[in-house]
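Peer 1: structure of the sequence below:
(chains A, B, C and D)
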Number of protein chains: 2
Amino acid sequence: MEPINIKQLAEKLNLSTSTVSRAFRGNSDINPKTKERILAMAKELNYQPNHLASNLREKKSRTIAVIVPEIANNFFSRAINGIERIARENGYHILIYLTNDDFQKEIDFIMSLQSGRVDGIVMSVTGEANDHSYMHKIRKRSLPIVFFDRIYEDVDNSKITTNDYESSYQATKHLIEQGCKKVAYLVVNKLLSIGKKRMQGYVDALKDAGIPFQDELVIDCTNRMDENKTLLKDVFTKIKPDGVFASVERLALASYYVCHDLGIEIGADLKVISFSSLEIARLLNPALSTILQPSYLMGEEAAKLLFRRINSPENNDVNEAIELKSELIFRKSTLG
Amino acid sequence: MEPINIKQLAEKLNLSTSTVSRAFRGNSDINPKTKERILAMAKELNYQPNHLASNLREKKSRTIAVIVPEIANNFFSRAINGIERIARENGYHILIYLTNDDFQKEIDFIMSLQSGRVDGIVMSVTGEANDHSYMHKIRKRSLPIVFFDRIYEDVDNSKITTNDYESSYQATKHLIEQGCKKVAYLVVNKLLSIGKKRMQGYVDALKDAGIPFQDELVIDCTNRMDENKTLLKDVFTKIKPDGVFASVERLALASYYVCHDLGIEIGADLKVISFSSLEIARLLNPALSTILQPSYLMGEEAAKLLFRRINSPENNDVNEAIELKSELIFRKSTLG
DNA sequence: TTGTAAGCGTTATCAG
DNA sequence: CTGATAACGCTTACAA
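Peer 2: Okay, here's the model as predicted:
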């Protein structure tokens, strides 16, 4: 049973395709009775207007792209959830692209999306350390893009971020107040905008507490769990920090694994706090203190921003930047 | 800077659109030199073939849809990850649809996808308790669909599942071997195929151990954490099971919350095992025994099955069913 | 090897 | 209110 097209449907009804088309569009004039007749027959024959054709004709795809580094990640999956809700509300479809932190992939995706497949892009970037001049090129085009969480600071664009500096400052301050003298900062790439901002909060909190900054306490990790474990095992046994501020969730988890293995008691021997969207932080052993980003809300806001753009292309050069607040939740891992 | 089209590009080059088109397609004959010239100019002018147009022409969308109940969920986000990898490998794009366990949404999505937007669908169903005759209607069409994990048993279709019965049997048996006399089965909807299969394993394990099945030990939960907590609080204080077999992750987590609040010691007072894709089960307090489904692999296999279909529509009526194995990992929550 | 022209399924414009 | 027609941007026989 192949899908039928508008022409066949029109024939069955002894009508022109234009009239049939009108029955499916809100605006145009059409006799209510004919419309009813058309819709009834359409239902019977299971007719559905072909989207490719109408999109081509209308030069709109009613689709947006979401580009993220990964999806098996509490923060991003929740953010996508928020994006999805708003997109659906607007009658839009969502294409997913995972860069796996591969900058070249990011470029390829964005480039290939310039071909009419989508009306806009929501993305969390991956190649902050690289040359992203390609972005500047793209930005001159009409395809609207909104960044969320991980952004390119040198690209003038709409964006949704959180108060990373402030929460990092507070988190570090909290560790110090809990008696930590030697706080390590765990980061995946300290050159990335997020890494930089979070690190600045850490640095300033140390300074304000009169604790000298030590370079060896900034631990540059990777995205691979096994590598991080090896690295941290070394750090925890040799440098022996008494506090850990993890800039991303996976580094806190790596710390947990290592401490479990090494018999280091988190909360007592080593206090840990981390950016994390882990719902069940409270159930960990011990309960993990977190800086909780409003991931779902960030997704929603990013999508809303994008649709504002899509729906009013006239002021496509006015960028909006929204900063949302993270929530600090202190648990046993720092209260020990 | 609006994107240019093939006609404009052809004009600049003093060529016909057909020749230009040929430069972008692998097959057709074309002078290597002209091809080079075209590609160079295309790059300079930033030309990209319009996908909507070529898809319309070719009657292919190079896009698949992934329909899942939710995305902020370890199992599904990982499965999507697997699907993504295979799809990308095949040069396909991925549209995401979240039903949020709303059966009507599922129907709407599937129906709307019949209009040429995608070449195939990978889905984990949601409305198992409902009448899914709409599916039978769809199945007569050419759009290939592959189910994974949650399936409709009465719909003849390709599918990827895991050995749910067996792992449930083993999990229950394990609890009994650990000394449990009163094992509760936690389920979201015992009428759903997954709930049924997993329950059967539970029932049979009890029987084989000579323990009489008790209806009150089958706890029908919901998808809402707060409701589940209330319900389980009641169960744990009144019925007082000494073992819990949770058919989905969120029910194990609800149990943890409740036990933490009630001061019930998991592992000692109450042993817990659960289907779960939680990477950090080991880090929970106490470490959670899990039945780990190969979520990523399931996604990959489901996608592979779909592409086999898409690429050879001739045997579109031969359904493949693949069963993968879950892994049981016993930890402190059952070893106490 | 390249060009011409028809057509993919819609919808907007314009005429009736 | 309805119908004819052109156009959206691309691909592919077929012709040259």
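
Peer 1: the helix or strand where residue A:112 lies: what's the following helix or strand?
Peer 2: Assigned by DSSP states H and E, residue A:112 belongs to helix A:103-112. The element immediately downstream of helix A:103-112 (helix or strand, assigned by DSSP H and E) is strand A:120-123.

Peer 1: name every strand pairing with that following strand and say which way it goes.
Peer 2: Paired neighbours of strand A:120-123 in the sheet (DSSP bridges): strand A:63-68 (parallel), strand A:145-148 (parallel).

Peer 1: as a markdown table, those with mean pLDDT and distance to residue A:288 would be great.
Peer 2: Where you see a C-beta, it was placed from the backbone N, CA and C, and this is true even at glycine. A markdown table is the format used below for the strands paired with strand A:120-123 (pLDDT from 0 to 100; distance: least, CB to CB, whole Å):
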| stretch | mean pLDDT | distance to residue A:288 |
| --- | --- | --- |
| strand A:63-68 | 97 | 23 |
| strand A:145-148 | 95 | 24 |
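
Peer 1: who touches the helix holding residue A:112?
Peer 2: A:65, A:67, A:97, A:99, A:121, A:123, A:125-127, A:130, A:134-135, A:138, B:48 (CB atoms under 8 Å, 6 or more residues apart in numbering or on different chains).

Peer 1: quick one: that helix to strand A:63-68, angle?
Peer 2: 170 degrees (axes from the mean of the first three to the mean of the last three CA atoms, to 10 degrees).

Peer 1: helix A:103-112 - what's its average pLDDT?
Peer 2: Mean pLDDT, helix A:103-112: 91.

Peer 1: now do the buried residues in stretch A:190-202.
Peer 2: A:190, A:192, A:193, A:194, A:195, A:196, A:197, A:198, A:199, A:201, A:202 (16 or more other CB atoms under 10 Å in any protein chain shown).

Peer 1: mind checking which of these are in strands?
Peer 2: Assignment to strands by DSSP state E places none of the buried residues of stretch A:190-202 there.

Peer 1: filter the residues you listed down to the ones in helices?
Peer 2: A:193, A:194, A:195, A:196, A:197, A:198, A:199, A:201, A:202 (DSSP state H).

Peer 1: can you list the residues of chain A near DNA strand D?
Peer 2: A:14-19, A:22, A:28-35, A:53, A:56-57, A:59 (CB under 7 Å from any atom of the strand).

Peer 1: go again with 6 Å.
Peer 2: Chain A comes close to DNA strand D at residues A:15, A:16, A:17, A:18, A:19, A:29, A:30, A:31, A:34, A:56, A:57, as judged by CB under 6 Å from any atom of the strand.

Peer 1: could I get those as TSV with secondary structure, neighbour count and pLDDT?
Peer 2: Formatted as TSV, these follow (DSSP: H, G, I helix; E, B strand; the rest coil; neighbours: other CB atoms under 10 Å in any protein chain shown; pLDDT from 0 to 100):
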residue	secondary structure	neighbour count	pLDDT
A:15	coil	17	91
A:16	coil	13	90
A:17	helix	14	91
A:18	helix	11	91
A:19	helix	16	92
A:29	coil	5	78
A:30	coil	18	86
A:31	coil	12	88
A:34	helix	15	89
A:56	helix	20	92
A:57	helix	11	92
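
Peer 1: from these, pick the one nearest residue B:218.
Peer 2: Among the residues of chain A next to DNA strand D, residue A:56 lies closest to residue B:218 (CB to CB), at 53.6 Å.

Peer 1: in contact with that closest one, which residues?
Peer 2: B:50, B:52, B:53, B:56.

Peer 1: of those - the most surrounded one?
Peer 2: residue B:52 (23 neighbours; other CB atoms under 10 Å in any protein chain shown).

Peer 1: once you drop chain neighbours, what's closest to that residue?
Peer 2: Counting by CB to CB, 6 or more residues apart in numbering or on different chains, the nearest residue to residue B:52 once its immediate chain neighbours are dropped is residue A:56, at 4.4 Å.

Peer 1: the one you found and DNA strand C, how far apart?
Peer 2: 5 Å (CB to the nearest atom of the strand, to the nearest Å).

Peer 1: residue B:56 versus that residue, what's the distance?
Peer 2: Distance from residue A:56 to residue B:56, counting by CB to CB, to the nearest Å: 6 Å.

Peer 1: close to DNA strand C, is stretch A:61-74?
Peer 2: No - using CB under 6 Å from any atom of the strand, stretch A:61-74 stays clear of DNA strand C, with a minimum separation of 11.1 Å.

Peer 1: and residue A:313, how many neighbours?
Peer 2: Counted with other CB under 10 Å, the neighbours of residue A:313 add up to 10.

Peer 1: could you find the closest non-adjacent residue to it?
Peer 2: Counting by CB to CB, 6+ apart, the residue nearest residue A:313 is residue A:142, at 6.7 Å.

Peer 1: and that neighbour, which of the three is it?
Peer 2: Following DSSP: H, G, I helix; E, B strand; the rest coil, residue A:142 is assigned to coil.

Peer 1: before we move on, what about residue A:319?
Peer 2: Recorded secondary structure, residue A:319: coil (three-state DSSP).

Peer 1: tell me what the nearest residue to it once chain neighbours are set aside is bridged to.
Peer 2: Among residues not flanking residue A:319 along the chain, residue A:158 sits closest, at 4.8 Å (CB to CB, 6+ apart). Legend: beta-bridge partners of residue A:158 under DSSP bridges are residue A:146.
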